[in-house]
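[1] Here is a sequence together with a model predicted from it:
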2 protein chains.
Amino acid sequence: MEPNVCTMHSHCIEMSMEVHQVVPPPHKSTLHKLKARLKETFFPDDPLRQFKGQPLKRKLILGAQYVFPILQWGPKYNLKLFKSDLVAGLTIASLAIPQGISYAKLANLPPIVGLYSSFVPPLVYAVLGSSRDLAVGPVSIASLVLGSMLRQEVSPSADPVLFLQLAFTSTLFAGLFQASLGILRLGFIIDFLSKAILIGFMAGAAIIVSLQQLKSLLGITHFTNQMGLIPVMTSVFHRVHEWSWQTILMGICFLVLLLLARHVSIKKPKLFWVSAGAPLVSVILSTLLVFAIKAQNHGISVIGKLQQGINPPSWNMLCFQGTHLGLVMKTGLITGILSLTEGIAVGRTFAALKNYKVDGNKEMMAIGFMNMVGSFTSCYVTTGAFSRSAVNNNAGAKSAVSNVVMSVTVMVTLLFLMPLFQYTPNVVLGAIIVTAVIGLIDLPAACNIWKIDKFDFIVMLTAFLGVLFISVQGGLALAVGLSTFKILFQITRPKTVLLGKIPGTDIYRNLDQYKEAMKIPGFLILSIEAPINFANITYLNERTLRWIEEEEDNIKEQLSLRFLILEMSAVSAIDTSGISLFKELKTMLENKGVELVLVNPLAEVIEKLKRADEANDFIRADNLFLTVGEAVASLSSTMKGQSSTITEESHTIVSHSL
Amino acid sequence: MEPNVCTMHSHCIEMSMEVHQVVPPPHKSTLHKLKARLKETFFPDDPLRQFKGQPLKRKLILGAQYVFPILQWGPKYNLKLFKSDLVAGLTIASLAIPQGISYAKLANLPPIVGLYSSFVPPLVYAVLGSSRDLAVGPVSIASLVLGSMLRQEVSPSADPVLFLQLAFTSTLFAGLFQASLGILRLGFIIDFLSKAILIGFMAGAAIIVSLQQLKSLLGITHFTNQMGLIPVMTSVFHRVHEWSWQTILMGICFLVLLLLARHVSIKKPKLFWVSAGAPLVSVILSTLLVFAIKAQNHGISVIGKLQQGINPPSWNMLCFQGTHLGLVMKTGLITGILSLTEGIAVGRTFAALKNYKVDGNKEMMAIGFMNMVGSFTSCYVTTGAFSRSAVNNNAGAKSAVSNVVMSVTVMVTLLFLMPLFQYTPNVVLGAIIVTAVIGLIDLPAACNIWKIDKFDFIVMLTAFLGVLFISVQGGLALAVGLSTFKILFQITRPKTVLLGKIPGTDIYRNLDQYKEAMKIPGFLILSIEAPINFANITYLNERTLRWIEEEEDNIKEQLSLRFLILEMSAVSAIDTSGISLFKELKTMLENKGVELVLVNPLAEVIEKLKRADEANDFIRADNLFLTVGEAVASLSSTMKGQSSTITEESHTIVSHSL
């Protein structure tokens, strides 16, 4: 024993002997508790707080502003802000037009649907959305998943109209699902797609998407319908005879151009417009090139004639009957979750960066409503896109008006410029997609996860490999299952930690972590670090028994074990099984002549223990303490009073610490 | 502010100003941590501890004793113990014979299979089992489930041989499953059948089983094949014309007799033999009665001619191919889990009562092996039965020899006494089953659960109603799902608690629970009571923000908020998402001019924070403390030094607490 145990001043010791009572929480009715629990579950951010105590008129205004955030920032909007938004809007429009066409092709939809989807949804979001930086439109992952899931049942080439109908109906279900998550305040469901999962998933999806572009980049005409790494690569190498060197040459040139532009913008963020403008420049250049040398006759495939005019209505195309309803709902659910996750994450990221607040549940309603309106106006699933929002932010966007500017630009394109895209080669669209999705592969983040948490890394890898080798949904489900299992596992095998006294204090801490901490003879001090429930009582029982037996083996020559102190500060909840653990422990300990002492049980625990304990077996003043220090001090003095078997050595130590 | 804040002696204050460092745990390699984690997961009881440091010969003896517990107690066995076991064995045999016949009928099997199952398995258990009180044989719930699940695909009356084959094959799978749970040390899986679930489930099953007995008790010949409350009652009242008053009269008489006997034994536990012997007495009496008055000709159905002789081999009857394999595996899994849960619970209960230890995983292997052997010798699923084990214990059983005595008695019955059962009326068997299962309805336990934990009560009710109205498996699955959901929910919405200083101490506790605790001006002290991970970071972020905003609303006139202290003693684990929460919180707080302070992060948390924190943003001495008390004291002194905006009033308070 170190000498500094004895340096305490007598006055302090007297103070520490003053024992403070553990008190149960004030009584609350079950109904009251239920109400509080429901509030914490569904309204953790207390969104109605601002309404409290306001006059009715103000409440109505606040309510309207709550539903339509545009009423909040609209009145304060001015010309200076508009200038910034105009620049940002034009910039993202130049990105949105080629990306819209490309992503629609990724979803096996007509290219013009991508432009439709960049026209209506941004307008809806501008009215309902609360993020200032979100640039709305189709995104790569949702496009990929929508296209691949629907293709399982309907061929987009053999039955394009049915395919389009299913796409719009899926979009409606995605919107309905997103909005109901927001309305029912169940937004926490998307939290289960953790960052680790998203990093792995997005990297896998980026590879899958890029592989799909091999069709355009190599000029292959007969391409596999499957998505996995292996079938695609097999297909590519079985079709070597279809490769077109003209297409490959053009593809390489524009891919290099786009990647260079991307590189410049990453190195110098001020030059964001280089990478933002590059896709449009590529489209214009390549179109002119094809037109000039009539390359379409030399094996380079082009988009072909496109319709003109803004979005036609599509509510007559929604179909809710027949054999495909299940598929459509499933597709809506998965694309809905994926696009929601992206949109919310983008919104939160920029809100944190610029120090404003985004209400997750409100955003879900906005995105959901946007997709519902989209499904009526020939749009497919849209959300706030990572890449375009970053450009929007870099270009100086101040409000959702930049989305309006983009939308108007797209409208002008739809009305007047569509014939210009007739000669745009597909290979350039492929290059644009590859450049966009390469940014989804975040190697530094993956390394960081490996460094911090090996299990998260495994989850990430599961998502990555699952997407590559099983399927997009399968990989996601596997990774979510694995990470949920980890949470359950942590409860099933909670940590129990041996505590010791830090010399010169009344503080008790983990003996393993704090090397200077010392055991107190006669006491075994355990900290239980999880809620106690049905899933872990057997483990806790066995583990506690083992701690005691190990302790008994160690201290045979010293003072025998008299007290098991359970530090309960980290036991946040308990159920009836947990209560029975204490009864069993008490019986088992009594047979060994050891007394059970509880320290700092939290409100819920002490309340339930009290209710279960009619015979007053646990909840007595002499085995319930507020801190470990007080428990040890108080029990040592009784021990000293009662026991005559204490050895000389330990006696000295105990009396010192008194 | 109460005056006792100021009573601290200057010396103590100096001591409390001595700030203790939070230290990270000693470095351990990933492999080392993995090894430790695996050990905690699979060997929490460290079963090999007794082998450590022993010479080889001793190790071999211990090993043999570990596998065959009979070698442990066998050598010490003596005549006195045998006398007790003989009495107990004969008592449980008198119960086992009528119950064996009855339960076999409940499982739609020939009555003799129930006796076979009371002969071989007890012998196997006597060699392998480590409980001294378990009375082995068929049990009501497993019989019910086995019979009802197999009847979904095969009719026991139309194809009795196939039905028997499936029953034996299910028993083999049940045994394989039970033994592998033990060998793979996955016994914690049965923990998910919590006590609350079992109480609800057993009450529901008791009612289902009793309803099935209406067939024999009312003498109905055409009975429904379904199990649910509604179809059975409908069937019973549609068949009023089949009711036989002779059967009903006989049924009521014996039911009253058996229930009276049960009542006597409950009131006076010393008269345990009254209820233990009553079934056999009823069987003998009723058989004599039927024989005397030729009641079989007056509408009272009897068992009929039974085979004679001990168990024939049945390995040639196991079938692993064909259309029923899936069903057989499912039935094996569910009956295996159910019988295992009962056997382990019985073993643990009596072990705790008599202060010896039962190794759960070893018991699983014993029960599993017993069922595997059983499936080769014409037995169906067996385990340690609640009711019979209680009788065994009351009758003074000292070891597994009482099982051997019972087994020998059953053997004698099988060899010589089977013709006597020819005239035993089915109605008495029904009455015996009803009396046995009535004990499974535990109303006081249900009331106790209601008193302690409302959610557990809902889980119990789900199991109860699910079994009654959906199906036995459906009710169980629903209840397990609900209680697993609760665990996940507790993680998704963890408690955050505001702490205050208990006057006259350095102890900080829940302001809601400890009414005398006081807030410290300028500080917001929050305790987070759950692991921080992907499932709750959004909630924790929003909730923390709300705490801060509420605090800012409250204290406008006083000292403005300077520090957010997070007490992390209850944060037992963290993942990469959790780490990012701290980064986000820090940014958000910096914008508000509030500093983030962490108190007592546990080993894993501090390790991961350190690894993530290359820029040393969190892990600095000035925002990391061992106790809240030290944090407040140390930060107050800096605050006093720096700030001149402190109001006069709060200034005084702060200087007092220094």
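    Structure's in. What do you need?

[2] I'd like the next helix or strand past whichever strand or helix holds A:Y539.
    Using DSSP states H and E, A:Y539 sits in helix A:537-554. As assigned by DSSP H and E, the chain's next helix or strand after helix A:537-554 is strand A:563-567.

[3] Who are the packing partners of that next one?
    Contacts defined by 3 or more CB pairs under 8 Å, 6 or more residues apart in numbering or on different chains; DSSP states H and E place strand A:563-567 against strand A:523-528, strand A:595-599, helix A:628-642. Every C-beta, even on glycine, is put in place using the N, C-alpha and C of the backbone.

[4] What residues does the stretch 301-450 of chain A have near chain B?
    Within reach of chain B by CB under 8 Å from any CB of the partner chain, the stretch 301-450 of chain A has these residues: A:A352, A:N355, A:K357, A:G360, A:N448, A:I449.

[5] which element is the first one on?
    I take that to be A:A352. Using DSSP H and E, A:A352 sits within helix A:325-354.

[6] Show me what counts as buried in that helix.
    For helix A:325-354, the neighbour count (16 or more other CB atoms under 10 Å in any protein chain shown) marks A:327-329, A:331-352 as buried.

[7] what does stretch A:293-301 give?
    Across stretch A:293-301, burial judged by 16+ other CB under 10 Å covers A:A295, A:I300, A:S301.

[8] and that stretch, average pLDDT?
    Stretch A:293-301 carries an average pLDDT of 78.

[9] now that stretch, how far from the chain's geometric center?
    45 Å (CA atoms, centre = their mean, to the nearest Å).

[10] Could you tell me the end-to-end distance of that stretch?
    End-to-end distance for stretch A:293-301, by CA to CA, to the nearest Å: 13 Å.

[11] Pull the residues that contact that stretch.
    For stretch A:293-301, contacts defined as CB atoms under 8 Å, 6 or more residues apart in numbering or on different chains pick out A:216, A:219, A:221, A:244, A:246-247, A:250, A:289-290, A:302, A:423, A:425-427.

[12] Tell me which of the residues you listed fall in helices.
    Secondary structure from DSSP state H places A:S216, A:Q246, A:T247, A:M250, A:L289, A:V290, A:N426, A:V427 of the contacts of stretch A:293-301 in helices.

[13] tell me the two of these that are most distant?
    Spatially, the most separated pair among these is A:S216 and A:L289, at 15.7 Å (CB to CB).

[14] Those two: who's more crowded?
    Taking other CB atoms under 10 Å in any protein chain shown, A:S216 and A:L289 do not tie; A:S216 has more neighbours (24 against 17).

[15] What residues does the more buried one make contact with?
    A:T247, A:G251, A:S301, A:N426, A:V427, A:L429, A:G430.

[16] ok, how many other residues are close to the second one?
    For A:G251, the count of nearby residues is 26 (other CB under 10 Å).

[17] Check what pLDDT it gets.
    pLDDT, A:G251: 91.

[18] In the one helix or strand A:L260 maps to, which residues are buried?
    Using DSSP H and E, A:L260 sits in helix A:245-267. Within helix A:245-267, the residues that count as buried by 16+ other CB under 10 Å are A:T247, A:M250, A:G251, A:C253, A:F254, A:L255, A:L257, A:L258, A:L259, A:A261, A:R262, A:S265.

[19] same thing with stretch A:350-367?
    A:350-352, A:358-367.

[20] hmm, back to that, tell me which of the buried residues of stretch A:293-301 fall in strands.
    Secondary structure defined by DSSP state E assigns none of the buried residues of stretch A:293-301 to strands.
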